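Participant: Below is the structure, and that's it, no one-letter string:
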């Protein structure tokens, strides 16, 4: 089960999503660390560690897919 993190630097926010969440774009273009973007992780432990290290004030879980 893959997980995705959407980092929104302009909102100082990172959101964790399940692999099949409807909010993930079909062609998720990855951006760099400074701009934000979509980043894929192979398992939940790795994704949660990455979520903590995003440096954002708000670290959320998607209310739709509830990872």
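Facilitator: Good, I have the coordinates. From a predicted model like this one, the values you see are computed outputs, not experimental measurements.

Participant: In the chain, mark out all the strands, start to finish.
Facilitator: Assigned by DSSP state E, the strands in the chain fall at 3-8, 13-18, 36-41, 58-61.

Participant: ok, what's across the strand from the closest residue to residue 7 other than its chain neighbours?
Facilitator: Using C-beta to C-beta, 6 or more residues apart in numbering and skipping residues adjacent in sequence, the residue nearest residue 7 is residue 36, 3.9 Å away. (C-beta placed from N, C-alpha, C; glycine too.) Under DSSP bridges, the beta-bridge partners of residue 36 are residue 8.

Participant: Residue 36 contacts residue 9, doesn't it?
Facilitator: Yes - assessed by C-beta atoms under 8 Å, residue 36 is found in contact with residue 9 at 4.2 Å.

Participant: For residue 25, which of the strands of the chain is the nearest?
Facilitator: In terms of C-beta to C-beta, the element of these nearest to residue 25 is strand 36-41, at 7.1 Å.

Participant: from the middle of its chain, how far away would that closest one be?
Facilitator: Distance, stretch centre to chain centre, for strand 36-41: 5 Å (C-alpha atoms, centre = their mean, to the nearest Å).
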